[in-house]
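# Okay, here's the prediction I keep looking at, along with the sequence it came from:
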Amino acid sequence: MKQYLRAHLRSAAPVENARKIDPRGGGRSCSRDYSADRQQSGSILQPFAGGAPLLRCALRALVPAWAIWLWSAQSAAQFSTSYLESRATFRKVCENLKLNSALLLECRQWTVPSPTDSDLQIDYAIIRPPDAKKMLILTAGLHGVESFAGSAMVNRFFSQWLEKFAEKRIAVALVHTMNPYGFKNSRRVTENNVDLNRNFPTRRGFLHVENPGYQKLQSVLEPAGPADTLVKGFLRLAFEMILRLVKMEFTLPDAHFAVAGGQSGSPRGLFYAGEKPEPQTAWLHSEIPVWWQGMSQVLLLDFHTGLGKKGVLHVMPADSITQSSVELRNKIFPGIHPSFTVTPSDADGYYRTRGALNESCEDLAAPAQAVAAATLEFGTLGDDIFNQLRTVNRMVLENQGSRFGFTSKDTEDEVKDHFKELFFPSDPVWRGQVESSTDAVFSLVLNKF
């Protein structure tokens with residue numbers, strides 16, 4: 001049954017703009033010729049293949065609707081609708097495992113300092129089986145709004161995979177969300193407008209990110225005045241970017257880094273790296289070496305959404321600096337896999353970032369440790385030029401609205417809804433792909449680590 005539902009979901013049209021699914025009907029047109037159904041072995045409609053056309057038509061019209069509804073209802077149970085709901089799920093799983101299993105599990109919280117909200121907590125759990133020499137670290141929510149999917153996958157690991165890893169003597173550290181402010185308010189950045197994945201220090205210390213390209217595009221990426229509709233914003237952005245490309249002010253790869261590579265010159269702008277580590281950045285940077293002390297091999301996986309081909313999981317390894325880290329990375333993630341794509345950061349249409357967690361993590365490795373880190377990025381809109389512009393447009397308008405407000409309440413709702421949809425699509429097909437791809441990664445890590 002599950003395979004049948006997945007098959008119908010994959011053939012269904014993508015849900016666009018948070019379209020709702022009506023379980024009462026809305027299937028295929030009765031004008032379709034269903035003679036091919038007679039050849040479909042294994043179909044649950046096979047007993048009706050020779051029956052009255054009207055009955056068969058009605059059944060075929062109804063099945064996709066209830067199939068999608070049933071599957072999406074099942075899938076929805078994995079995804080929370082808010083930070084508080086997702087946090088409660090994490091805590092409940094943690095407490096249940098402590099009470100009902102032999103795991104030596106520690107459940108902890110760390111409060112993010114905030115002048116406006118005293119209930120922004122990073123929940124995390126650690127298990128260290130006796131004699132463990134390997135550790136898996138899962139993190140989510142560096143970009144807060146991406147926690148809707150990322151934290152759900154951390155919770156999924158917690159409830160369905162943790163005990164399997166413990167049986168193999170693999171230590172595990174789980175971080176529910178690194179940016180509770182962003183998760184709670186459906187924003188990508190912290191309360192200080194800092195992009196946490198541009199905010200981690202390196203061996204050379206905290207880097208001031210110089211990005212002259214961003215400065216050239218600052219008037220395009222940071223328009224003044226209330227944010228207007230998506231259509232108007234897109235037309236303005238597309239015109240300005242195309243004009244600059246035609247004038248040869250940028251090449252396309254240059255534009256990618258200029259927009260999203262990170263910058264330290266505009267505190268209210270996009271992809272702001274900050275002038276110093278944010279409190280949660282400093283906290284994680286100091287905690288990780290404590291967690292993996294005594295481990296010979298460490299793998300860190302950091303969940304993200306938004307970049308890449310729609311519905312595809314892109315595994316983006318850090319540029320490992322030691323041979324042992326390279327060997328560990330290549331051992332776990334082959335070049336080709338049916339459930340995900342290994343995508344280097346310098347691939348066409350992608351870009352290198354400065355101050356990213358995965359790069360910083362490998363810098364912290366002790367001389368005898370093999371530490372490999374990778375970003376798990378689930379694509380949403382797509383990676384062609386048109387969808388890259390749509391992505392940047394939504395980010396520009398969301399940032400502009402946070403600074404100057406919106407031209408109307410309807411515009412505010414439109415921009416915020418599409419911004420969240422960018423990082424957490426309502427399409428049940430996409431959510432099913434996130435679950436299946438993540439399970440494939442967990443299974444691969446369990447068997448190869």
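Here it is on my side, so go on.
# hmm, who's touching the helix or strand hosting Glu85?
Using DSSP states H and E, Glu85 sits in helix 83-100. With C-beta atoms under 8 Å, 6 or more residues apart in numbering as the test, helix 83-100 has contacts from 80, 103, 105, 107, 121, 123, 125, 147-148, 151-152, 154-155, 158-159, 162-163, 176-177, 180, 183-184. Just so you know, the C-beta spots here come from the backbone N, C-alpha and C atoms, and that holds for glycine as well.
# Could you do stretch 225-238 as well?
In contact with stretch 225-238 (C-beta under 8 Å, 6+ apart) are residues 220, 223, 389-390, 392-394, 396-398, 400-401, 404-407, 411-412, 414-415, 418.
# and with 7 Å instead?
For stretch 225-238, contacts defined as C-beta atoms under 7 Å, 6 or more residues apart in numbering pick out 220, 389-390, 392-393, 396-397, 400-401, 404-407, 411, 414-415, 418.
# what do you get for stretch 276-294?
So stretch 276-294 is in contact with 110, 112-113, 122, 126, 135, 137, 173, 178, 190, 192, 194, 196, 199-201, 206, 298, 360-361, 364, going by C-beta under 7 Å, 6+ apart.
# Break the protein down into its structural domains.
Using automatic domain parsing, the domains assigned to the chain come out as 2-76, 83-204+274-380+425-448, 212-260+385-422.
# Pick the most deeply packed of those domains.
Greatest average neighbour count among the domains of the chain goes to domain 83-204+274-380+425-448 (a mean of 20), per mean count of other C-beta atoms under 10 Å.
# First-to-last residue distance for it?
33 Å (C-alpha to C-alpha, to the nearest Å).
# Tell me which residues touch the closest residue in space to Ala373 that isn't next to it in sequence, please.
Leaving aside its sequence neighbours, Ala373 sits nearest to Asn358 (C-beta to C-beta, 6 or more residues apart in numbering; 3.7 Å). Counting by C-beta under 7 Å, 6+ apart, Asn358 touches 300, 302, 318, 373-375.
# Show me the residues you listed that map onto strands.
Counting by DSSP state E, the contacts of Asn358 place 300, 302, 373-375 in strands.
# Between those, which sits nearest Leu243?
For the ones in strands among the contacts of Asn358, the minimum distance to Leu243 (C-beta to C-beta) is 32.2 Å, reached by Thr375.
# which stretches of the stretch 1-150 of the chain have low pLDDT?
Low-confidence regions of the stretch 1-150 of the chain, defined here as pLDDT under 70, cover residues 1-77.
# circling back: and the helix holding Glu85, how far out from the chain middle?
Remark: helix 83-100 is offset 21 Å from the chain centroid, using C-alpha atoms, centre = their mean, to the nearest Å.
# Now do the SS call for Leu207.
Look at Leu207: counting by DSSP: H, G, I helix; E, B strand; the rest coil, its state is coil.
# Quick check: it vs Ser114, distance?
Distance, Leu207 to Ser114, using C-beta to C-beta, to the nearest Å: 25 Å.
# partner residues bridging the residue nearest to Leu307 when sequence neighbours are not counted?
For Leu307, ignoring the flanking residues on the chain, the nearest one in space by C-beta to C-beta, 6+ apart is Glu377 at 5.1 Å. Under DSSP bridges, the beta-bridge partners of Glu377 are His304, His314.
# can I assume Glu377 is in contact with His304?
Yes. Contact between Glu377 and His304 holds when scored by C-beta atoms under 7 Å: they sit 4.6 Å apart.
# Provide the backbone phi and psi angles at Ala173.
Torsion angles at Ala173 (phi, psi; degrees, to the nearest 10) stand at phi -130, psi 130.
# Bridge partners for it, pull those for me.
Judged by DSSP bridges, the bridge partners of Ala173 are Ile126, Ile137.
# Give me the pLDDT value at the residue nearest to Ala373.
With respect to pLDDT, Asn358 has a value of 89.
# and what of Ala368?
Note on Ala368: pLDDT of 85.
# Next one: it relative to Ala318, how far apart?
Distance, Ala368 to Ala318, using C-beta to C-beta: 19 Å.
# what's the answer for Leu444, then?
18 Å.
# do Pro289 as well
Taking C-beta to C-beta, one finds Pro289 at 16 Å from Ala318.
# Also Trp292?
Plainly put, Trp292 is 15 Å away from Ala318 if you go by C-beta to C-beta.
# which SS class is Asp123?
Under the three-state scheme (three-state DSSP), Asp123 adopts strand.
# about what we covered before: let me have the ones in strands among the contacts of Asn358 in CSV, adding distance to Pro279 and pLDDT as columns.
Output for these, formatted as CSV (distance: C-beta to C-beta, whole Å; pLDDT from 0 to 100):
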residue, distance to Pro279, pLDDT
Leu300, 20, 97
Asp302, 18, 98
Ala373, 22, 93
Ala374, 25, 94
Thr375, 22, 95
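# from the residues you listed, which single one is nearest Leu422?
Of all these, Leu422 sits closest to Thr375, with 17.2 Å by C-beta to C-beta.
# For Ser186, which residues are in contact?
145, 416, 420.
# For the second one, pull up the helix or strand it's in.
If I follow you right, that is Lys416. If you go by DSSP H and E, Lys416 is part of helix 409-423.
# how far does that helix sit from the chain's center?
With C-alpha atoms, centre = their mean as the basis, helix 409-423 stands 18 Å off its chain's centre.
# Output it as CSV, nothing but the C-alphas.
What follows is helix 409-423, C-alpha atoms only, in CSV (Å, rounded to 0.1, in the frame of the first residue of the first chain):
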residue,chain,number,x,y,z
LYS,A,409,-1.4,43.4,4.9
ASP,A,410,-2.1,41.2,1.9
THR,A,411,1.4,41.8,0.6
GLU,A,412,2.9,40.9,3.9
ASP,A,413,0.9,37.6,4.0
GLU,A,414,1.9,36.8,0.5
VAL,A,415,5.6,37.4,1.0
LYS,A,416,5.8,35.6,4.3
ASP,A,417,3.8,32.6,3.1
HIS,A,418,6.0,32.3,0.0
PHE,A,419,9.2,32.8,2.0
LYS,A,420,8.2,29.9,4.3
GLU,A,421,7.2,27.8,1.3
LEU,A,422,10.6,28.4,-0.2
PHE,A,423,12.2,26.5,2.7
